[in-house]
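A.B. asks: Could you work out the structure for the sequence below:
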Amino acid sequence: MYFASSAGLALALFLLPVSVHAAENAPDFTVSGAATLISDYRFRGISLTGKDPAVQATVNLSHKSGIYVGTWTSSLDMGDRYGPTEVDFYSGWSGALAARTRLDVALAYYSYPGGEGSGKIEYFETTSRLTRDFGPFSATVGSGYSWSQAALGGDHLYLFGETAAPVPGTPLILRAHGGRSKGAISPRPGGYYDWSVGADAALGLITLGLSYVDTDLGTSNADAAALFSLTAAF
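C.D. replies: From the prediction side, this is the model:
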């Protein structure tokens, strides 16, 4: 098994709580969420929908202390064993370590309700993201680690780096990502690399995304592809 949710990424499985942390007069709790239509659900470069579109949604509850909990779900096409849906639950903390420097640490549980057959397929992963704002751009380094569990048969480590840069005078944000996956859920014993470049355009509560993703696996479900996404925040 070599996948989980996007974070993504997508975080996806790695959602940052909204700006509730920044304002002293912010409410104690803030609820945020989003729904996404994406042309292919890729997790760390690998398609989990057979290169078909996916519908995804998330709901996040944040406390002004930086603690948050939430859930993320996506349609899936990985066979009957995993069923038609992935549902992830996560909890963590996000906050400032210093001026222009933020840390986000979380624990995620990846589940596949509706799957058929025997054998454990759900598992936990710890995640961390350290982000530094350099003014014209931000840079992030992070990790995802799963210890040996019944579903995995061993441990797994994912390391990554990202950068994001807004284009002045436009709604565009340029992004780049590179990561390395090695361990129990890697499709290659020695591990593999994934990378992507792209841009998001924020238009009010709507965000349009375009990205190019690829890996060094050379398999049909992890080859180069252009991804399109439409996200509506609520």
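A.B. asks: can you tell me the helix or strand for the closest residue to Gly161 other than its chain neighbours?
C.D. replies: In this structure, Gly161 finds its nearest non-sequential neighbour in Val141, 5.2 Å apart by C-beta to C-beta, 6 or more residues apart in numbering. C-beta: built from backbone N, CA, C; applies to glycine. According to DSSP states H and E, Val141 maps onto strand 138-146.
A.B. asks: next one: Ala165
C.D. replies: Secondary structure (DSSP H and E) places Ala165 in strand 156-166.
A.B. asks: Only alpha carbons, please: show that strand as CSV.
C.D. replies: Extracted in CSV, the C-alpha atoms of strand 156-166 (Å, rounded to 0.1, in the frame of the first residue of the first chain):
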residue,chain,number,x,y,z
HIS,A,156,7.5,4.8,6.2
LEU,A,157,9.1,8.2,5.8
TYR,A,158,8.2,11.0,3.5
LEU,A,159,10.4,14.2,3.3
PHE,A,160,9.5,17.2,1.2
GLY,A,161,10.3,20.9,0.5
GLU,A,162,7.9,23.5,-1.0
THR,A,163,8.0,27.1,-2.0
ALA,A,164,5.2,29.6,-2.8
ALA,A,165,5.4,33.0,-4.3
PRO,A,166,2.6,35.5,-5.1
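A.B. asks: Other residues contacting that strand?
C.D. replies: Residues from elsewhere that reach strand 156-166, judged by C-beta atoms under 8 Å, 6 or more residues apart in numbering: 44, 125, 136-146, 172-186.
A.B. asks: Would you mark the buried spots in it?
C.D. replies: His156, Tyr158, Phe160, Glu162, Thr163, Ala164, Ala165 (16 or more other C-beta atoms under 10 Å).
A.B. asks: Could you pull up the contacting residues of Ile206?
C.D. replies: Counting by C-beta under 8 Å, 6+ apart, Ile206 has contacts Leu230, Thr231, Ala232, Ala233.
A.B. asks: OK, contacts around the last one?
C.D. replies: Put plainly, it is Ala233. So Ala233 contacts Ser32, Gly33, Ala34, Leu205, Ile206, Thr207 (C-beta under 8 Å, 6+ apart).
A.B. asks: rewinding a little: who wins for neighbours among the contacts of Ile206?
C.D. replies: When neighbours are counted by other C-beta atoms under 10 Å, Thr231 leads those with 20 neighbours.
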